[in-house]
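>>> Kindly generate the corresponding structure for this input.
(chains A, B and C, ligands or ions: 3)
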Amino acid sequence: MQNNRSIYYQYREPSPLRSLWLHMNTNPFAVAAFYIFSFMLLAMILSPIIAPYSPDAQFSDAISQPPAWHDDGEIRFLFGTDDLGRDLLSRVLSGAVYSLGYPLMATAAAAFIGIAIGAWAGMSRGVQSSTLNHLLDVVLSIPSLLLALIIIAILGPALHTVMIAITIVLIPQFIHSVHNAFYEERNKEYVIASKLNGSSRWYILTRVIFPNITSVVVMQVTFALSTAILDIAALGFLGLGVQAPAPEWGTMLARSLDQVYLLPWTMVLPGLALFLTVLSINVLGDSLRAAIQERIRGS
Amino acid sequence: MSNILDIRNLTIELETSAGVVKVLDKLSLQLAEGEIHTLVGESGSGKSLLAKAIMGFINPRWKITADRLWWRHYDLLALNPVQRRLVTGRDMAMIFQNPGSYLDPNTKVGEQLRETIPQSELKGIYLRRKATRTVRAERLLHRVGIKDTAKVMNSYPQQLSEGIAQKVSIAMAIAHNPKLLIADEPTTAMEPNTRNQIYRLLAKLSASQGMSILMITQDLTAIIPETQRMSLVYCGQLMETGPTEKLMSEPFHPYTDAMLKMSFFNQDVAPKTRLPTLTGAIPTLQHMPIGCRLGPRCPNARRACIHQPRLSKVKQHQFACHFPLIEIVHHD
Amino acid sequence: MLRYSLRRIVLLIVTLWLLSLLIFSLNYWYPGNAVTNMTGISASNPLAYQEVYVARGFEDGIVTQYGEFIRHLLQGDWGLSLVTQQPVFAEIKPLLGATIELGLLAMFLAMVLGIPLGVYAAVQQRGPMDRIVMGVSLSAYSIPVFWLAQLFILLFAVKLGWSPISGQINPLYAIETQTGSILIDIWLSDSQFKTAAFYDALNHLWVPVIVLAMMPLTMLIRIMRNAVLDVLQQNYIKAARARGLSDSTIMFRHTLPNAMQPVVRQLGLQFSVLMTNIVITEVIFNWPGLGSWLVKSIYERDFPVIQAGLLILASLILLVNLFVDLLHAWRYPQVRKEIDAE
Ligand SMILES: Nc1ncnc2c1ncn2[C@@H]1O[C@H](COP(=O)(O)OP(=O)(O)OP(=O)(O)O)[C@@H](O)[C@H]1O
Ligand code: SF4
Ligand SMILES: [Mg+2]
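Residues are numbered from 1 along each chain as shown, chains lettered A, B, ... in the order given. Ligands and ions are numbered 1, 2, ... in the order given. Model prediction:
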């Protein structure tokens, strides 16, 4: 590297994202959360291979089987089976696609649309911007789940309508945070300096401001992802989301609620999977926020 | 003359993203009772840090070492935080460089001023004490030259201009008649007229109540006229210290010399010629030269300067230089 | 303050107007016939249908229809439920009472526990208790509310048998529904078993309240801790210490008021979160409130009810937000200045 050739030690300020990364690396909880999340992702991707059975396979000889460590348990059904004799572990593994994969997709789509609109609104001034702000206030004051419920009331419950609903619900949050971040940065000296240098709007947008708000965007993504996961699961739980035979974690939990007296173990695994996923994302988001604060304070 | 503040070889190391840096390097400073002492140094030379170290305004991550940091007969570094706060709260006060951030944004200025007035000086029952406090707070504001006291007392700190905020923080600092007042560039945001007024007030306080004042400033030309002694710091090292007139008329240290020559006191410069200045620029914290930190910029520098010079003393005049501007009996 | 309040109230009115537009348009987007969706009167009843068709301005353009929609809304004619054919508006009051009771109790619990715990964690910063409090709160924050409810039911109702599994009160007490809030209803009733009914209601109440309080509680702890830490680092606190002010003066006069600022600002958001969770919690615990009513209406595609539920919940949130904003601006005047200066 060129740095090493000069005799003086040259200190390079790391880029915003990189400094976040460095900061996160010093936080053991963040690192642990990162590994847990990666593990969940891996489990999701590999679920067709590693799941011992098909999620829908019903073993009529092993209905309502408790977990393996229980006296009546069997080792081939490690976490037990449900009332239809389906292996819980396989179902939870395959369910990751619904409960983690789909939220990821919805978040990505919402981020793409929301950031574009937010950036556009952030660069425009006056009426455009304040109208948007007021509109956003209305939409954001309605909880995302409620909004999703309404959209599903219009479209009817099904997998694709849930995806549409969740994506639509997440977009305003992205617009809001990106818009605010832009708004704050836009009036800072370095942007004005660049403007005075005659940079084009597009250049200012992509090269001057955007690098400085990546951390905000990353944080919003983690936040949106945990919202998406929880909302999809909640919809499933209410019976208004992904429909029953699919091994979506929220749907599985709803089924287990009816059987809480008989098969209490059926609620453990899907709930735990949901909890760990959300926890790891929240820890990541939280340490990101701490890192951002640290950076602002340090500068 | 007895020194009530005695600092010997104070070193402060900070952890920055580029590693540990010594922001103050073996700095010594003595202050006598009732003395006004001016500390001059360029921006970033560590003046405010010194002041904060004296006040105990410290971040636990800073590493502070000193051969001696004494206030009267207290060894400040040996006191526990509670004792130290008692001592500082009773004896010392500081006027901060950016006063705005030292005022609670959610409490009215009057309220903050009132609670600074020490309990021990008030008599009577609660309501009476409260009334006395208000009267005393108003008087304090008058003394620092604020006329519209009611309005200022009723404002939140953000509503005040920098200059007024500085005055308020001066008022808060002198509220309990401290024995030591550290004034960190107290008049930067004021017009010259007000500045002189504040200077007169401080000089009067010092004379009448035996208050010692450590004035901190960047500007050699704007020092308080009553100052008895001066110290110059450069990059956290003490360059020279001595009685004001002596130092001004007959500097021993190349740095003092250069500073005087490039100031407007210097009448010897022919019109339209270059003002003599030091070459180069102040090094950054990460690239401090070893030995005498002035080395790379010093006209007198020689090889020996890679070792930090010790303080030499000629009468009351002290300086840290291997090759001073006077011929003195050789040191080793 | 007056100027700010006026501005804020005008903003609320605009927001409510936009909300009414949204709800009005929903009637056209729902499957089926807009007149039926609005009024709950289906075309299979031609006489009544024709009547509301005219009354709702469907002979004219969309603008008249909107005008009629607003007029009926303000008059309290919110249509009939498609399922029960009962007036929707009359059903709302007891439901609202039940929901508000649950929500207020949960919010109260969260604040009473959350704020002191947050301060405690901040004061113990990086100590073991801080880590425990923060670790537990971060974990509890990540538990989906429906799973938490299930765990609580499993533990307290199934395993320990301390608490009934669902409902508001044992129906044998025959408490007449007036406000919907069960505790107030018991108090108002002339039942001879008031005390027993009261205990029974509390016994039904505490599990959902704790479940519901968990999320705002953990958020409050975290916000409060960070706020206190942030304030403790500020120069003015250090300066106050150097001036020799006592610890208690610094804590109660300077640290807490400043640290409460972000907490107050967040209360509106907390309330929205609470409202989301209340929908789910009511369904799980069979609580006869707005949330379970709304979800049931979505199962049944009972559009007049959906519309009413959405309107009430959203207005409630908007009102609470307005209240919180005014409180914030009143208590922290310098914020008001910034907003005014914009
Ligand atoms: N909290 C801190 N963390 C890291 N570095 C600091 C901190 N406070 C001060 N410094 C560094 O220490 C050096 C001395 O700072 P100080 O504020 O004492 O300078 P100063 O002499 O008061 O300058 P000025 O005249 O501009 O006020 C500066 O280079 C500054 O960057
Ligand atoms: S010690 Fe050397 S470098 Fe430092 S001031 Fe003296 S002559 Fe200059
Ligand atoms: Mg300074």
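>>> low-confidence ranges in the stretch 201-332 of chain B?
Where the stretch 201-332 of chain B drops to pLDDT under 70, the residues are B:264-267, B:269, B:327-332.
>>> now the strands: where do they sit in it?
B:212-217, B:229-234, B:237-243, B:311-314, B:317-320 (DSSP state E, counting those that start in this stretch).
>>> ok, the fourth one near ligand 2 or not?
I take that to be strand B:311-314. No: using CB under 6 Å from any ligand atom, strand B:311-314 stays clear of ligand 2, coming no nearer than 10.6 Å. For every residue, glycine as well, the C-beta is placed using N, CA and C.
>>> Next, the buried residues of that strand.
Residues of strand B:311-314 classed as buried by neighbour count (16 or more other CB atoms under 10 Å in any protein chain shown): residue B:312.
>>> Pull the distance from that strand to the chain's centre.
22 Å (CA atoms, centre = their mean, to the nearest Å).
>>> Burial check on residue 245, number of neighbours?
Since no chain was named, I'll use chain A. Residue A:245: 11 surrounding residues under other CB atoms under 10 Å in any protein chain shown.
>>> oops, chain C please
By other CB under 10 Å, 20 other residues sit near residue C:245.
>>> how about it, what does it touch?
By CB atoms under 8 Å, 6 or more residues apart in numbering or on different chains, residue C:245 lies in contact with B:89, B:115, B:116.
>>> mind running it again at 7 Å?
The neighbourhood of residue C:245, defined by CB atoms under 7 Å, 6 or more residues apart in numbering or on different chains, consists of residue B:115.
>>> Report the separation between it and residue B:82.
13 Å (CB to CB, to the nearest Å).
>>> Would you convert the strands of the stretch 201-332 of chain B into CSV that also reports distance to ligand 3?
Formatted as CSV, the strands of the stretch 201-332 of chain B follow (distance: least, CB to the ion, whole Å):
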stretch, distance to ligand 3
strand B:212-217, 7
strand B:229-234, 11
strand B:237-243, 16
strand B:311-314, 23
strand B:317-320, 21
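>>> Make CSV out of those and add distance to residue C:161.
What follows is those, written out as CSV (distance: least, CB to CB, whole Å):
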stretch, distance to residue C:161
strand B:212-217, 72
strand B:229-234, 75
strand B:237-243, 76
strand B:311-314, 82
strand B:317-320, 82
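>>> wouldn't residue B:247 be in contact with residue B:256 here?
Yes: taking contacts as CB atoms under 7 Å, residue B:247 lies within contact range of residue B:256: 6.4 Å.
>>> Report the set of residues contacting both of those two.
Contact with both residue B:247 and residue B:256 is made by residues residue B:240, according to CB under 7 Å, 6+ apart.
>>> Apart from its chain neighbours, what residue comes closest to residue A:291?
Nearest residue to residue A:291 in three dimensions, chain neighbours excluded: residue A:23, at 3.9 Å (CB to CB, 6 or more residues apart in numbering or on different chains).
>>> what do you get for residue C:12?
Excluding its sequence neighbours, the residue lying closest to residue C:12 (CB to CB, 6+ apart) is residue C:322, at 5.1 Å.
>>> Which of the helices or strands spans that neighbour?
Here residue C:322, judged by DSSP states H and E, is contained in helix C:303-331.
>>> got the buried residues for that helix?
C:303-318, C:320-322, C:324-326, C:328-329.
>>> Quick one: mean pLDDT over it.
Average pLDDT, helix C:303-331: 87.
>>> center of the chain, which residue is that?
Looking at chain A here, since you left the chain open. For chain A, the residue nearest the mean C-alpha position is residue A:225 (1.4 Å; CA atoms, centre = their mean).
>>> oops, I was thinking of chain B
For chain B, residue B:216 is the residue whose C-alpha lies nearest the centre (CA atoms, centre = their mean; 3.2 Å).
>>> cool, and chain C?
Short answer for chain C (CA atoms, centre = their mean): residue C:275, at 3.8 Å.
>>> And it, how close does it get to residue C:304?
For residue C:275, the distance to residue C:304 - CB to CB - is 21 Å.
>>> Low-confidence stretches in chain A?
Within chain A, the ranges that satisfy pLDDT under 70 run A:1-13, A:16, A:62, A:73, A:125-130, A:134, A:138, A:295-299.
>>> Now do the helices in it.
Taking DSSP state H, the helices of chain A run over residues A:2-5, A:16-25, A:28-50, A:88-96, A:102-123, A:126-141, A:144-155, A:159-186, A:189-196, A:201-203, A:210-238, A:249-258, A:268-298.
>>> Now do the third one against helix A:210-238, angle only.
Meaning helix A:28-50. Angle, helix A:28-50 to helix A:210-238, by axes from the mean of the first three to the mean of the last three CA atoms, to 10 degrees: 60 degrees.
>>> Also the fifth one?
Using the same axes, to 10 degrees, the interaxial angle of helix A:102-123 with respect to helix A:210-238 works out to 140 degrees.
>>> how about helix A:102-123: buried residues?
Residues of helix A:102-123 classed as buried by neighbour count (16+ other CB under 10 Å): A:102-104, A:106-107, A:109-111, A:113-115, A:117-123.
>>> does any bit of that helix sit next to chain C?
No: Helix A:102-123 does not reach chain C (CB under 7 Å from any CB of the partner chain); its nearest approach is 12.7 Å.
>>> contact partners of that helix?
With contact meaning CB under 7 Å, 6+ apart, helix A:102-123 is reached by A:128-129, A:132, A:163, A:166-167, A:170-171, A:174-175, A:178-179, A:182-183, A:186, A:201, A:205, A:217, A:221, A:224-225, A:228-229, A:232.
>>> Among those, name the buried ones.
Using 16+ other CB under 10 Å as the threshold, A:129, A:132, A:163, A:166-167, A:170-171, A:174-175, A:178-179, A:182-183, A:186, A:205, A:217, A:221, A:224-225, A:228-229, A:232 are the buried ones among the contacts of helix A:102-123.
>>> what about residue C:143, how many neighbours?
20.
>>> And for residue B:141?
24.
>>> The one 4 residues further on now?
As a burial measure, the neighbour count of residue B:145 was computed by other CB under 10 Å and equals 17.
>>> Spatially, what comes nearest to it if we skip its sequence neighbours?
Setting aside the residues directly before and after it, residue B:145 is nearest to residue B:197 in space (CB to CB, 6+ apart), at 5.3 Å.
>>> show me what contacts residue B:86?
By CB under 7 Å, 6+ apart, the contact list for residue B:86 reads residue C:244.
>>> need the next SSE after the one helix or strand it maps to, C-terminal direction.
Using DSSP H and E, residue B:86 sits within helix B:81-91. Per DSSP H and E, the first helix or strand lying C-terminal to helix B:81-91 is strand B:92-95.
>>> what's in contact with the helix or strand that that following strand is followed by?
Next helix or strand after strand B:92-95 toward the C-terminus (DSSP H and E): helix B:109-116. Residues outside helix B:109-116 that contact it (CB under 7 Å, 6+ apart) are B:103-104, B:133-134, B:137, B:140, B:152-155, B:157, B:160, B:168, B:171-172, B:175-176, C:243, C:245, C:249.
>>> who's in contact with residue B:323?
Neighbour list for residue B:323: B:300, B:302 [criterion: CB under 7 Å, 6+ apart].
>>> Phi first, then psi, for it.
In terms of degrees, to the nearest 10, the main-chain angles of residue B:323 are phi -130, psi 70.
>>> any idea how far it lies from chain A?
As judged by CB to the nearest CB, to the nearest Å, residue B:323 and chain A stand 27 Å apart.
>>> separation between the closest residue to residue B:255 other than its chain neighbours and residue B:35?
In this structure, residue B:255 finds its nearest non-sequential neighbour in residue B:239, 4.4 Å apart by CB to CB, 6+ apart. Distance of residue B:239 to residue B:35, computed by CB to CB: 19 Å.
>>> cool, residue B:130 as well?
Separation of residue B:130 from residue B:35 (CB to CB) stands at 37 Å.
>>> go on, residue C:54?
As judged by CB to CB, residue C:54 and residue B:35 stand 96 Å apart.
>>> the more surrounded of those two?
Neighbours were counted for residue C:54 and for residue B:35 using other CB under 10 Å; residue B:35 has more, 20 against 12.
>>> Please name the residues that touch that one.
Taking CB under 7 Å, 6+ apart as the test, what residue B:35 contacts is B:212, B:228, B:229.
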